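*Asks:* Generate coordinates for the sequence data below:
(2 chains)
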Protein chains: 2
Amino acid sequence: MADPIEDFYAVIPAGGIGSRLWPLSRADAPKFLHDLTGSGQTLLRDTWDRLEPLAGRDRIAVVTGRAHRAAVEKELPGIPDKNVFLESEPRDSTAAIGLAAAVLVKREPDVVIGSFAADHVIRVPHLFDWAVRQAVATAREGYIVTLGIQPSEPSVGFGYIKKGAGLVVDGAPEAALVESFVEKPDLDTARAYFADRSYLWNAGMFISRADVLLREIAENDPQLHAGLMELAEAWDDRDARGPVVDHVWPTLTKIAIDYSVAEPAAAKGLLAVIPGHFDWDDVGDFASLAKLNSGGRAENLAILGENARVLSDAATGIVVSQTKRVISLIGVRDIVVVDTEDALLVTTSEHAQRVKGVVDALKLSGRGEVL
Amino acid sequence: MADPIEDFYAVIPAGGIGSRLWPLSRADAPKFLHDLTGSGQTLLRDTWDRLEPLAGRDRIAVVTGRAHRAAVEKELPGIPDKNVFLESEPRDSTAAIGLAAAVLVKREPDVVIGSFAADHVIRVPHLFDWAVRQAVATAREGYIVTLGIQPSEPSVGFGYIKKGAGLVVDGAPEAALVESFVEKPDLDTARAYFADRSYLWNAGMFISRADVLLREIAENDPQLHAGLMELAEAWDDRDARGPVVDHVWPTLTKIAIDYSVAEPAAAKGLLAVIPGHFDWDDVGDFASLAKLNSGGRAENLAILGENARVLSDAATGIVVSQTKRVISLIGVRDIVVVDTEDALLVTTSEHAQRVKGVVDALKLSGRGEVL
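*Replies:* Sure, this is the predicted structure:
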């Protein structure tokens, strides 16, 4: 692979818990701190390893909750202090990425930043690398750039990006404008998209100049932008940062960057897309997790967990074992069993999306200690 | 109810583990030490309570393994020492019941004994009471008597007893000869049996004079009989018992009383049956347990366990909870979930019979510590 990109800074927002993966993912052990692929390391570390050849090891920032500071530093030993951005509470992705952008642009006015979720699974790293390099080249031209994943099947589980006219950008032969965003389709529509090939999965990865990103935030939410500026002003001053964070951070608008920046940018022809030809999954629920770990064979039983002791007789699906208990499965198909110290989940792939409902019910019923 | 029956002694063989109910039932917590009905007490205690009005509290013997002595005495506080028969190892039901018969007949030559499994569920006690009283009256005439359960449905899960000619016995208007034993039938045959009404479920309960029972054992297995006599001779001598048990018990033939006594007795017209009109279940597997605890409604989720914390969304079947963990079930039908400290079972009612196979596999794979 080539050298790191000189003007590039990677940002990893490590925020979401991943409620659909409860009871594996939970407040004190969010999805990004788990090994969901059997790689032997966490998704966060996988993400970092993917970005290091692109940005260099000293130019990868992580935005995370204060509670996860120790875990993040353990996963990423040697990460410079200046690259750890701690949120006092979750304020969604515009605040998280916007903060990093505002601080980094102050340190380095022409910096291009890319934001990459801490909890996605990506395979074939050299194809990811190539897509990001094209995206950075396109971002230098003033575009906000997203990576759109070339679908490997007609999925109804993801939103889509409709690719529009091609762009002429040096170093980015696949760059194109985004015509529009499309919500999760029904199966017939997904099949049509799949055949069409100009519809790409929206994977929520954005690359742009930091100043361009901030300009777009300012245009759509001047108050949020002002808050980010105030934070950035104080950030690198050890004494000033704390009080300003306490005062300003809780007032920031909670909004996903898709709505605050990407959709408005698409509407005015400022959003570009680079098709990604790598394998990608956001591991949104246990059905995805089962698929990811079954080697693509539905007749398999996937087993996750270092010390898993599973005895299976004609069972398919997935078992996640976090205890040392013996787990016996007999004659259950497409089953999802997640065995943790204080909570057990039993469902099927078909109902995997409904796990979030259980989490909500547990909150309401005052049993939040297992969340 | 009437007074206890003067010449009657009840014997409760409390031996089997109930492997098909693993991991709930296990070597150190066999089926009879569990509350499987939500009654608030163990099956053993339920059995004792059923027998007390028939035999009196000082005339109920329990034959159990040495390892269960403390648990049995805790469940049956005040049980006289003389009524606790400890096996040094399991030798099947002829040895267990034969030992009690041999010791009791020595104490009381004309005694009628009845043996009643420690781990069956019986409802409507006054109908049970009435059946046993008829059985004792019939036993006094020299018959070996079994209780045959009048089927409540065409079950394929039980063996059957074909009722033959009626007997004229004072105090036992329903007494009849047993024509034959029939193995578990297929569904069509079970339906025919159910319509016929002369086919009764074989519940393995036997009532007879102790001397008659021993005579039949002697006839079919003289060596086993001789061993029992040697044991009985020493039993009530505190010094002699130990060495004789150590020496003789391990040599006794392992054979179920059904084969050593009941079938031969039926063949020579010596086996009588009293139809039982009470609800009975041997709770042979988790499908039975689910049915027993669902109020008969297949759309229910039965929950067993004092501290069960179950959150269910469109789930049916049964959950047995022995931990304090939150258990969430989503969209699983006819499910069986058994959650214990060191083992978890997930299967369905349909596959409940296969649990024994798991137990065998665990033994073979050296994971017997969870059995």
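*Asks:* can we go C-alpha only for contacts and neighbour counts from here?
*Replies:* Noted.
*Asks:* Tell me the spacing between the most centrally placed residue in chain A and chain B.
*Replies:* In chain A, the residue lying closest to the centroid (C-alpha atoms, centre = their mean) is residue A:117, at 2.3 Å. Distance, residue A:117 to chain B, by C-alpha to the nearest C-alpha, to the nearest Å: 28 Å.
*Asks:* Likewise for residue A:335?
*Replies:* 9 Å.
*Asks:* is it true that that residue touches residue A:320?
*Replies:* No - the pair residue A:335 and residue A:320 does not pass the contact test of C-alpha atoms under 8 Å, sitting 11.0 Å apart.
*Asks:* which residue of chain A sits farthest from its center?
*Replies:* residue A:313 (36.0 Å).
*Asks:* How about that one: what's its closest non-neighbour residue?
*Replies:* Spatially, and ignoring its direct neighbours in sequence, residue A:313 is nearest to residue A:330 (4.8 Å; C-alpha to C-alpha, 6 or more residues apart in numbering or on different chains).
*Asks:* Then residue A:176?
*Replies:* residue A:166 (3.9 Å).
*Asks:* quick one: the one you found and residue A:179 touch, right?
*Replies:* No - assessed by C-alpha under 8 Å, residue A:166 is found out of contact with residue A:179, at 10.6 Å.
*Asks:* When these two are compared, which one has more neighbours?
*Replies:* When neighbours are counted by other C-alpha atoms under 10 Å in any protein chain shown, residue A:166 and residue A:179 differ, and residue A:179 comes out ahead with 19 against 15.
*Asks:* tell me the pLDDT at the more buried one?
*Replies:* Per-residue confidence (pLDDT) for residue A:179: 97.
*Asks:* So what touches the strand or helix carrying it?
*Replies:* Assigned by DSSP states H and E, residue A:179 falls within strand A:176-182. By C-alpha atoms under 8 Å, 6 or more residues apart in numbering or on different chains, the residues outside strand A:176-182 that reach it are A:159-167, A:263, A:266-267, A:269-274.
*Asks:* Stretch A:194-201: which residues count as buried?
*Replies:* A:194, A:198, A:199, A:200, A:201 (16 or more other C-alpha atoms under 10 Å in any protein chain shown).
*Asks:* and which of those is nearest to chain B?
*Replies:* Nearest to chain B among the buried residues of stretch A:194-201 is residue A:201, at 28.5 Å by C-alpha to the nearest C-alpha.
*Asks:* Now do the helix or strand where that closest one lies: distance to the chain's middle.
*Replies:* Per DSSP H and E: residue A:201 is located in strand A:199-209. The gap between where strand A:199-209 is centred and where its chain is centred comes out at 11 Å by C-alpha atoms, centre = their mean, to the nearest Å.
*Asks:* angle of it against strand A:176-182?
*Replies:* With axes from the mean of the first three to the mean of the last three C-alpha atoms, to 10 degrees defining the directions, strand A:199-209 sits at 120 degrees from strand A:176-182.
*Asks:* following strand A:199-209, which helix or strand shows up next?
*Replies:* helix A:210-220.
*Asks:* Report all helices and strands that that following helix contacts.
*Replies:* Here helix A:210-220 touches helix A:92-107, helix A:222-235, going by 3 or more C-alpha pairs under 8 Å, 6 or more residues apart in numbering or on different chains; DSSP states H and E.
*Asks:* what angle separates that helix from helix A:92-107?
*Replies:* Going by the same axes, to 10 degrees, helix A:210-220 makes 130 degrees with helix A:92-107.
*Asks:* What average pLDDT does helix A:210-220 get?
*Replies:* For helix A:210-220, the mean confidence score works out to 98.
*Asks:* which ones are touching residue A:173?
*Replies:* residue A:134.
*Asks:* Is it correct that it falls within a strand?
*Replies:* No - counting by DSSP: H, G, I helix; E, B strand; the rest coil, residue A:173 falls outside a strand, being coil.
*Asks:* For chain B, see how far away it is.
*Replies:* Residue A:173 is 47 Å from chain B, by C-alpha to the nearest C-alpha.
*Asks:* quick one: that residue from residue A:348, how far?
*Replies:* 43 Å (C-alpha to C-alpha, to the nearest Å).
*Asks:* neighbouring contacts of stretch A:214-228?
*Replies:* For stretch A:214-228, using C-alpha under 8 Å, 6+ apart, the contacting residues are A:95, A:98-99, A:101-102, A:248-249, A:251-253, A:260-261, A:265.
*Asks:* Tell me the buried residues in whatever helix or strand residue A:247 lives in?
*Replies:* Following DSSP H and E, one finds residue A:247 within helix A:238-248. Buried residues in helix A:238-248, defined by neighbour count with 16+ other C-alpha under 10 Å: A:241, A:244, A:245.
*Asks:* would TSV of those residues with pLDDT and distance to residue A:362 be doable?
*Replies:* Rendered in TSV, the data for the buried residues of helix A:238-248 read as follows (pLDDT from 0 to 100; distance: C-alpha to C-alpha, whole Å):
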residue	pLDDT	distance to residue A:362
A:241	95	36
A:244	95	35
A:245	95	31
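*Asks:* now, among those, which is nearest to chain B?
*Replies:* Using C-alpha to the nearest C-alpha, the buried residues of helix A:238-248 come closest to chain B at residue A:245, 37.0 Å.
*Asks:* residues contacting the closest one?
*Replies:* A:88, A:231.
*Asks:* Quick check: it vs residue A:89, distance?
*Replies:* Taken as C-alpha to C-alpha, the span from residue A:245 to residue A:89 is 10 Å.
*Asks:* Kindly report the same for residue A:56.
*Replies:* For residue A:56, the distance to residue A:89 - C-alpha to C-alpha - is 29 Å.
*Asks:* Nothing else from me, thank you.
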